[in-house]
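Asker: Have a look at this prediction, sequence included:
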Amino acid sequence: MSNLIKIDNGIAAVANDEWTLVQLPAVQVEERKQAGKVVLFKLTGENAVTEEQIANTVIPATGKIIVPLSVFVERNNELTSRITQGEVGVWLATHELIEYLIQQQHDLNALPIIAVFVERFADGRIFSLGTLLRTRYGYKNELRAFGDVLRDQLFFLKRSGFTSYIIRKDRSAQDAIASLNDFSKPYQGAVDEPRPVFKRYNRGA
Amino acid sequence: MYKYDEIDQQIVDERVAQYRDQVRRYLAGELTEDEFRPLRLQNGLYIQRHAPMLRIAVPYGMLSSRQLRKLGDIAKKYDKGYGHFSTRQNLQLNWPKLEDTPDILAELATVEMHAIQTSGNCIRNITTDQFVGIAPDEVIDPRAMAEIIRQWSTFHPEFALLPRKFKIAVSGTKQDRAIVQMHDIGLEFYRDANNKVAIKVWVGGGLGRTPMLGSVIREHLDWQHALTYCEAIIRVYNLHGRRDNMYKARIKILTKALGINEFRNQVEAEWTHLKDNANTISEAELARVAKHFEAMPYETLPAHDAGFDAAIAGNPAFTAWVKRCVHPHKQAGYRAVTLSLKPHGSAPGDITSEQMWAVADLADEYSFGELRSSHEQNLILADVKLSNLFALWEKARANGLATPNIGLLTDIICCPGGDFCSLANAKSIPIAKAIQQQFDDLDYLHDIGDIELNISGCMNACGHHHVGHIGILGVDKDGSEWYQVTIGGKQGNDASIGTVIGPAFSADEMPGVVQKLIEVYIKERTPEERFIDTVRRIGVPPFKAHVYAKTESAKKEIAA
């Protein structure tokens, strides 16, 4: 069973995934230690992808693909016609900068999907990235979260502009759907409902 | 104080349901320990040494008698019959069962309370001055804004998982009592040249292992923009704050690394996109919330009361209490009263269920049914008639709540420490108790005068040791507990961070060390000087010399 939850016309349901995720080839990651603690997060803006990884990334010849941001930028000429046909999406990690994507692709709405990879549940940068893509850069198409995505992030992801979610594969997507509706009347304005509660309701005096 | 409408109530009720299901999934093995941790923390639940600890939010320190009564009931039913007021004005239960916590939250929801975001890497409870709304030096009552910020920060989707905890304080007084310079964001309300309400915005302050005073990021912000400006600050922090090392993850590290000017540039650039968006606060919303904080229905009273004057003349114990525990009030004929949760020889900030019920009764009888908690870990009845002070004192005394030590050496700020907290390096409560016993002479305490002694069991600094006139920090050296002493820290407008006087001491030595610090002060002080003034005038060396002098010779004796 698919682990993709998609919101279409306001209705969330488990759906089949028509996109193939293109991954960078794995490299030996150097374990960095600081103050005795293993470094678990990459820092914002850090360049973490090597030329070699980009060159060695296998791009399927046909079908709809979501490619890593670095591959999208560095090997864009290989993708041009497929981008025009709407067969190419981009994914970025939470430490990568949206500005890097914008430099390559001014019109984000030429991309049918943008996905954000969250390596660890606790990494809340994904919420700011979603918010910026929707509000600052006017992105309107599918915005997907994948990686360490569990049901207790879903409400926040939805409010930050994400419309599809791949639940981590050891958990049930069907069960997770309920959490999209954990709260019915959130206080503050956000992407999915820009008006705060005091502008939506007459709260009397 | 603020009363929930259906929308507020629905949010806390839905939170209870959400949390109940999270606990169910955890107990059923559907959530691992690691996955459950951020969820329970955002609901104030720690797993401690002996049992879980549940931290209940007291927004900006305001409580109704009904709420306090319920807290007393909950402590009785689910805990060992007592609670602990923390240095962030919240109430902690030290012995609840994990399985009971959903029911505790459900009971709290019936009195418009919750434990939302009392821990975890998110925006925490908003704090302020315990004399808010009644202090004579108050320019603006910031409670309505604090409530608006509370609502905005509750489940803010973009800031649900920040690099680290995030604390906001608000203040509207001439003399700062909310320590705005020691918070991730401090909002200092004032009236500008056009007599309009404006905010001076501080950022990047904090205690912890790298104590830092905040910097002013904006001198003047119209109040309407408080939320969007905070969004700009926290967005820059959320995206760029360090996440690779939890000890370098607070916003103060980012502001320091970038420099306040560069940080300000980034925030202002972000704000150009957010300014005037829908989260801009409307006049109508401020007016709606402010209605909940209108002045109490005070009687018109003379400034003096003959009965009160007679009691003062005839009762030295009452006089001593009035001197330390009664505070000025905006309204003629009224006073604010601090009920001391620091009786000598008990854990600072602890209160039994019976005391909670008694305080609730006192609030109903004498103070319009409301009270406040302070970051000094005491309770305050804010609106007591002068003519009622004597009767109140007798009842408070009967309940062990009238120790006349507010602002004195034994009014110790103290974290739960190694007796309860799994983060702590050392115990802190026994140190507080030992010091209270050493100085268990009220005349001597009054002679020493105003002084703040703060104890933290580890460098996370929940006991605010950096800003204590005397600060004590528990440290771990080769598996045993030691205590490092700082002097010269201070909260307030002229805040400062204390200086370490030298090598750490064992627990047994601590009362003697404090005694020696006080001896230097008594010897060196001018008639008007408080302890902190003497430290600032003569510096650390004389204190250091006296404290270590005898220790050195004692050690030599032992060695010889």
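Answerer: Received, thanks.
Asker: Return the helix or strand in chain B with minimum mean pLDDT.
Answerer: Lowest mean confidence among the helices and strands of chain B (mean pLDDT, DSSP states H and E): helix B:541-559, at a mean of 73.
Asker: Residue B:9 and chain A, how far apart?
Answerer: Noted for residue B:9: a distance of 10 Å to chain A, by C-beta to the nearest C-beta, to the nearest Å. Every residue, glycine included, has its C-beta placed from N, CA and C.
Asker: what's around that residue, how many residues?
Answerer: Using other C-beta atoms under 10 Å in any protein chain shown, residue B:9 is surrounded by 14 other residues.
Asker: Who does residue B:63 form a beta bridge with?
Answerer: Beta-bridge pairing of residue B:63 under DSSP bridges involves residue B:371.
Asker: For it, list the residues it contacts.
Answerer: B:1, B:71, B:370, B:371, B:372, B:373 (C-beta atoms under 8 Å, 6 or more residues apart in numbering or on different chains).
Asker: Next, count neighbours for residue 157.
Answerer: Answering for chain A, as no chain was given. Residue A:157: 27 neighbours (other C-beta under 10 Å).
Asker: could you do chain B instead?
Answerer: 24.
Asker: In contact with the closest residue to it other than its chain neighbours: list those residues for me.
Answerer: Spatial nearest neighbour of residue B:157, excluding adjacent residues (C-beta to C-beta, 6 or more residues apart in numbering or on different chains): residue A:159 at 3.5 Å. Applying C-beta under 8 Å, 6+ apart, we find residue A:159 in contact with A:186, A:190, A:191, A:192, A:193, B:157, B:158.
Asker: so how far is residue A:14 from the second one?
Answerer: The reference is to residue A:190. 25 Å (C-beta to C-beta, to the nearest Å).
Asker: more neighbours, those two?
Answerer: In this view residue A:190 and residue A:14 are compared by other C-beta under 10 Å, and residue A:190 has more residues nearby, 26 against 16.
Asker: my read: that one touches residue B:160, true?
Answerer: No. Here residue A:190 does not reach residue B:160: they are 10.6 Å apart, not a contact under C-beta atoms under 8 Å.
Asker: re earlier: closest to residue B:83 among the contacts of residue A:159?
Answerer: Lowest distance from residue B:83 to these (C-beta to C-beta) belongs to residue A:186, with 30.3 Å.
Asker: burial count for residue 179?
Answerer: Defaulting to chain A. So residue A:179, with other C-beta under 10 Å, has 22 neighbours.
Asker: The chain in question should be chain B.
Answerer: 25.
Asker: same question, residue A:60
Answerer: Residue A:60: 10 surrounding residues under other C-beta under 10 Å.
Asker: OK, contacts around the residue lying closest to residue B:158 once chain neighbours are set aside?
Answerer: Spatially, and ignoring its direct neighbours in sequence, residue B:158 is nearest to residue A:127 (4.5 Å; C-beta to C-beta, 6+ apart). Counting by C-beta under 8 Å, 6+ apart, residue A:127 makes contact with A:156, A:157, A:160, B:157, B:158, B:159, B:160, B:161, B:238.
Asker: Now the stretch 451-560 of chain B against chain A: closest residue?
Answerer: residue B:459 (12.7 Å; C-beta to the nearest C-beta).
Asker: I figured that residue hits residue B:473, correct?
Answerer: Yes. Using C-beta under 8 Å, residue B:459 is in contact with residue B:473, at 6.7 Å.
Asker: where does the residue nearest the centre of chain A fall, phi/psi-wise?
Answerer: Closest to where the C-alpha atoms of chain A average out (C-alpha atoms, centre = their mean) is residue A:116, at 2.2 Å. Dihedral angles of residue A:116 (phi, psi; degrees, to the nearest 10) stand at phi -120, psi 130.
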